[in-house]
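>>> With the sequence up front, the predicted model follows.
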4 protein chains.
Amino acid sequence: METRRAEAFSDGVFAVAITVLVFDLLPIGAGVGGGLGHVLLKEWPKYAAYVVSFLTIGIVWLNHHTLMAHLRRVSRMLLVLNLVLMMCVVAVPFPTALIAEHLTEHTGGGIAAAVTYGLVMVAMSVAFSAMWLYLGLHAGEVAREPDFQPSLRTTIRFSGGLVAYVVATLVAIVSPGAAVAMYGAIAVYYLFEHLPDPTAGPEAAGRDSRSGSDQCRSDP
Amino acid sequence: METRRAEAFSDGVFAVAITVLVFDLLPIGAGVGGGLGHVLLKEWPKYAAYVVSFLTIGIVWLNHHTLMAHLRRVSRMLLVLNLVLMMCVVAVPFPTALIAEHLTEHTGGGIAAAVTYGLVMVAMSVAFSAMWLYLGLHAGEVAREPDFQPSLRTTIRFSGGLVAYVVATLVAIVSPGAAVAMYGAIAVYYLFEHLPDPTAGPEAAGRDSRSGSDQCRSDP
Amino acid sequence: METRRAEAFSDGVFAVAITVLVFDLLPIGAGVGGGLGHVLLKEWPKYAAYVVSFLTIGIVWLNHHTLMAHLRRVSRMLLVLNLVLMMCVVAVPFPTALIAEHLTEHTGGGIAAAVTYGLVMVAMSVAFSAMWLYLGLHAGEVAREPDFQPSLRTTIRFSGGLVAYVVATLVAIVSPGAAVAMYGAIAVYYLFEHLPDPTAGPEAAGRDSRSGSDQCRSDP
Amino acid sequence: METRRAEAFSDGVFAVAITVLVFDLLPIGAGVGGGLGHVLLKEWPKYAAYVVSFLTIGIVWLNHHTLMAHLRRVSRMLLVLNLVLMMCVVAVPFPTALIAEHLTEHTGGGIAAAVTYGLVMVAMSVAFSAMWLYLGLHAGEVAREPDFQPSLRTTIRFSGGLVAYVVATLVAIVSPGAAVAMYGAIAVYYLFEHLPDPTAGPEAAGRDSRSGSDQCRSDP
């Protein structure tokens, strides 16, 4: 199967999942005691959760494209792994809603919300690392460069992200607020610390020198 | 009409329908008695229903692409059949929500939910089989290979899926839980037991040898 | 501006709007008195409204593509008209929800719901006819064939659809049920009575004979 | 990274965000006192908010495409700015819902709603201006024409939009209704007063004269 279709489907899912986050903002407190302005200010965990989750899905989308750019074709196993990753991405608005509603509770609701958020992030990291690992182990079958091997930097990067989410999830048991701050910090960090895109730079220049029909296929 | 447009529209519908499943997770029990953590653990039918429906729509998406890859063009009748299939795919979050909310009820709600789920699956199987049957009967008009005939394996595969869903729906009358387990098992089975993709293997190699402009048309 | 972008955006809107219809199915009657099975059977206006609206949006999507296939480029005015059409398409789930909830009420709610549905259909027909009219009046500027004129059949077809929706809206004042049946009948009728697609048949054959780079541009 | 991917993702987000606006129409007042017809007429702020936000997102989509058409490639910083712009676009249904529900309140709810709407518009204008500014400052790195400079007209246009939204937000503190009318007027004004599209006119003609493989890449 061509990568184009898996990419188009994944892009659609990313776009919808990231937009669905607005529903975590939508339901305004029913009993608007103290005026709407007051309610809007009090609901700051909503906005924080919205921004953190938006940036997080945005980064996974960027990383997903970097990974797809290494692929020549997709195997059935890779499609299944991609489906599992999508299942995690689509689920993100769920723990986001939990944090938006329960972060400031004192009855343990904040802990349950922040831990659930962390577990979804860990699952997403594991699914993404599994795709990356599969790419390394089956490069001959699916990669553009048959002898492709993830660089040490890439490996450290993904392991680092996974470890950071595990630590933040453990922190959530003690302090939900600190955990949410960590989720945000992880998102901002990876927004700028990024993998080299195989479609840019010298490698891309190499690809540009290929035949015209090849470009037709890879560019759209 | 070109297949590209029907494919792009269907891909969009698949991506949105699969993402809409998250709404079955979102509404958290209003009266959170016993703490949020407790509520989250008690709501396991939600997560089970989410995973089963996500994998099911994922597989229909994969099969849909396999079918589309056999097409050269789409007729009006095929577009109508495709619209009926989409109507079933888009409806999936509805019985998923029923199962998420009513599976563990003892008042017959679980049975109604699991039977409704099964009926939507049966309708989806019938719509998909109808498209496949149409392709076989009108190969000269719509297929890439004018003498295309679905293989015996394909026929057994689709009949098998349809029979499995009918059986699971009947099981739902007795045991909703067992039926949901069957829906899940059917999804996992078809995730790995799959049709050969006409764009891969020897046929694809044959297509690759065609002229450049042809590749421009078929690849994007 | 190229038609491709307007088409991709419109396709996305169509795909999302048609999927949003499932939300009209989702909320199950809160007080499930008499068992879930009973409630599901009693809610037949929901399913009827879902099917009618799904087919209606599906047909507008088909007609939209037929119209776009006549275009070489889009002007600003055409984009504005397209935006107005999209505004009507996106609104469809709203009167659908009204019908789903209020059709069987005896207090006039059914009339208000069916009339609102009709008004949205009329607005959609007017927007679509305006686009078609614009195409005829500015063929030199935007059409593939500079001397393009809508055929008599096309004109009758769109006028007919508009008149049918006006009549059904008037019927809704007397009998909401009869009006909904008419909305359904209009959808089914246009599903099979359709405009010739300019990308099929002799014209398309003519386009196929153009240069390779032209095909690259028009096909994806 | 190629612009195509950022464009496809953004297009998806625009299409979903604009469709999500229908949810602001959907929930019909629970206690339907005075008949559904009466309720529907009384809910005019809903329809006004829907139309204004629909046109606003539509215009941002158009401007986004004009900007993207100037790009040869996207840098990481540009992707981050684009993600921030998308975060504002996706948020639009939130203040739209506030206006739909609270505009006619006398307890200050209308002011809070209209001010929130204005703040999101201001944030969106700032994000869009930042992308445009970045394009001007890093033309050599990302623009199609290495010496690209935004024209005086473009600069006035965006500054004007930003100033208009700031003024309307200040007006909202005194009169929410007047502010909403201003948001609508700004949308209608920019619907017709538009930037020249770099893919149309003499420049586009210049691009058309490039090699065939180049067209394959840029057109789809």
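Perfect, I can see it now.
>>> tell me the contacts of residue A:23?
With contact taken as Cβ atoms under 8 Å, 6 or more residues apart in numbering or on different chains, residue A:23 is in contact with A:93, A:97, B:23, B:26, D:20, D:23. Just so you know, the C-beta spots here come from the backbone N, C-alpha and C atoms, and that holds for glycine as well.
>>> what's the closest non-adjacent residue to the fourth one?
If I follow you right, that is residue B:26. Closest residue to residue B:26 apart from its sequence neighbours, by Cβ to Cβ, 6 or more residues apart in numbering or on different chains: residue A:97 at 5.6 Å.
>>> Any idea which residue of chain A lies closest to chain D?
Residue nearest to chain D within chain A (Cβ to the nearest Cβ): residue A:15, separated by 2.9 Å.
>>> before we move on, what SS does the residue nearest the centre of chain A have?
By Cα atoms, centre = their mean, chain A has its centre lying nearest to residue A:60, at 2.9 Å. Classification of residue A:60 using DSSP: H, G, I helix; E, B strand; the rest coil returns helix.
>>> Just say helix, strand or coil for residue A:157.
Assigned state for residue A:157: helix (three-state reduction, three-state DSSP).
>>> State the distance from it to chain B.
Between residue A:157 and chain B the computed distance is 27 Å (Cβ to the nearest Cβ, to the nearest Å).
>>> Give me the neighbour count for the residue nearest to residue B:26.
26 (other Cβ atoms under 10 Å in any protein chain shown).
>>> again with residue A:159
12.
>>> cool, residue A:76 as well?
14.
>>> Report the buried residues of whichever helix in chain A runs longest.
Ranked by residue count under DSSP state H, the longest helix found in chain A is helix A:109-137. Within helix A:109-137, the residues that count as buried by 16 or more other Cβ atoms under 10 Å in any protein chain shown are A:109-132, A:134-135.
>>> Read off the pLDDT value for the closest residue to residue A:88 other than its chain neighbours.
Spatially, and ignoring its direct neighbours in sequence, residue A:88 is nearest to residue A:124 (3.9 Å; Cβ to Cβ, 6+ apart). As summarised for this prediction, residue A:124 has a pLDDT of 95.
>>> quick one: contacts for residue A:124?
By Cβ under 8 Å, 6+ apart, the residues touching residue A:124 are A:60, A:85, A:88, A:89, A:92.
>>> Out of those, which two are the most distant from each other?
A:85 and A:92 (11.5 Å; Cβ to Cβ).
>>> so who does residue A:186 touch?
A:56, A:161, A:164, A:165, A:168.
>>> Kindly provide the whole-number mean pLDDT of the strand or helix carrying it.
Following DSSP states H and E, one finds residue A:186 within helix A:176-192. In this model, helix A:176-192 has an average pLDDT of 91.
>>> what angle sits between that helix and helix A:109-137?
For helix A:176-192 against helix A:109-137, the angle by axes from the mean of the first three to the mean of the last three Cα atoms, to 10 degrees is 30 degrees.
>>> all strands of chain A, in order?
Counting by DSSP state E, no segments of chain A form strands.
>>> All the helices of it, in order from the start?
Using DSSP H, the helices of chain A run over A:3-20, A:36-42, A:44-69, A:76-91, A:93-102, A:109-137, A:139-142, A:152-174, A:176-192, A:201-208, A:212-218.
>>> in stretch A:171-187, what counts as buried?
Quick answer for stretch A:171-187 (16+ other Cβ under 10 Å): A:171, A:172, A:176, A:179, A:180, A:182, A:183, A:184, A:186, A:187.
>>> So is stretch A:105-119 next to chain B?
Yes. Shown here: stretch A:105-119 in contact with chain B (Cβ under 8 Å from any Cβ of the partner chain) through A:105, A:107, A:108, A:109, A:111, A:112, A:113, A:115, A:116.
>>> before we move on, what about stretch A:4-19?
Yes. On the criterion Cβ under 8 Å from any Cβ, stretch A:4-19 is in touch with chain B at A:4, A:5, A:8, A:9, A:11, A:12, A:13, A:15, A:16, A:17.
>>> Enumerate every residue touching the last one.
Residue A:17 makes contact with A:57, A:89, A:90, A:92, A:93, B:19, B:22, according to Cβ under 8 Å, 6+ apart.
>>> Assess the claim that the residue of chain A closest to chain D and residue D:7 are in contact.
No. If you go by Cβ atoms under 8 Å, residue A:15 and residue D:7 don't touch, sitting 11.6 Å apart.
>>> of those two, who's got more company?
A direct count of neighbours by other Cβ under 10 Å for residue A:15 and residue D:7 places residue A:15 higher, at 30 against 19.
>>> about what we covered before: out of the residues of stretch A:105-119 next to chain B, which is nearest to residue D:154?
Among the residues of stretch A:105-119 next to chain B, and counting by Cβ to Cβ, the member closest to residue D:154 is residue A:113, at 44.9 Å.
>>> my guess is the closest one meets residue A:99, correct?
Yes. Under the criterion of Cβ under 8 Å, residue A:113 makes contact with residue A:99 at 4.7 Å.
>>> who touches both of these two?
Residues touching both residue A:113 and residue A:99 (Cβ under 8 Å, 6+ apart): residue A:176.
>>> Just the buried subset of the residues of stretch A:4-19 next to chain B, please.
A:5, A:8, A:9, A:11, A:12, A:13, A:15, A:16, A:17.
>>> Please tabulate these in a markdown table and include pLDDT as additional columns.
Converted to a markdown table, those look like this (pLDDT from 0 to 100):
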| residue | pLDDT |
| --- | --- |
| A:5 | 79 |
| A:8 | 85 |
| A:9 | 88 |
| A:11 | 90 |
| A:12 | 90 |
| A:13 | 94 |
| A:15 | 93 |
| A:16 | 93 |
| A:17 | 94 |
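>>> can you count the residues close to residue A:170?
12.
>>> need the contact list for the nearest residue to residue A:95 once chain neighbours are set aside.
What sits nearest to residue A:95 in space, not counting adjacent residues and going by Cβ to Cβ, 6+ apart, is residue A:117, at 3.8 Å. Residue A:117 is in contact with A:95, A:96, A:98, A:99, A:172, A:179, A:180, A:183, counting by Cβ under 8 Å, 6+ apart.
>>> what's the spacing between residue A:117 and residue D:94?
Note on residue A:117: its distance to residue D:94, by Cβ to Cβ, to the nearest Å, is 21 Å.
>>> cool, and residue A:63?
Using Cβ to Cβ, we find residue A:63 at a distance of 28 Å from residue D:94.
>>> Where does pLDDT dip in chain A?
A:1, A:27-34, A:193-220 (pLDDT under 70).
>>> Looking at residue A:63 and residue D:94, which has the bigger crowd around it?
Comparing residue A:63 with residue D:94 by other Cβ under 10 Å, the one with more neighbours is residue D:94, at 23 against 19.
>>> separation between the more buried one and residue D:88?
11 Å.
>>> okay, and the common contacts of these two?
Joint contacts of residue D:94 and residue D:88 (Cβ under 8 Å, 6+ apart) are residue D:120.
>>> what number of residues lie near residue A:140?
10.
>>> right, and it touches residue A:73 too?
No. Residue A:140 lies out of contact with residue A:73 (Cβ under 8 Å); the separation is 11.4 Å.
>>> Roughly how far does residue A:67 sit from residue D:78?
For residue A:67, the distance to residue D:78 (Cβ to Cβ) stands at 21 Å.
>>> Apologies, that question was intended for residue A:169.
From residue A:169 to residue D:78 the distance is 33 Å (Cβ to Cβ).
>>> Might you name the residue of chain A sitting closest to chain B?
residue A:12 (2.9 Å).
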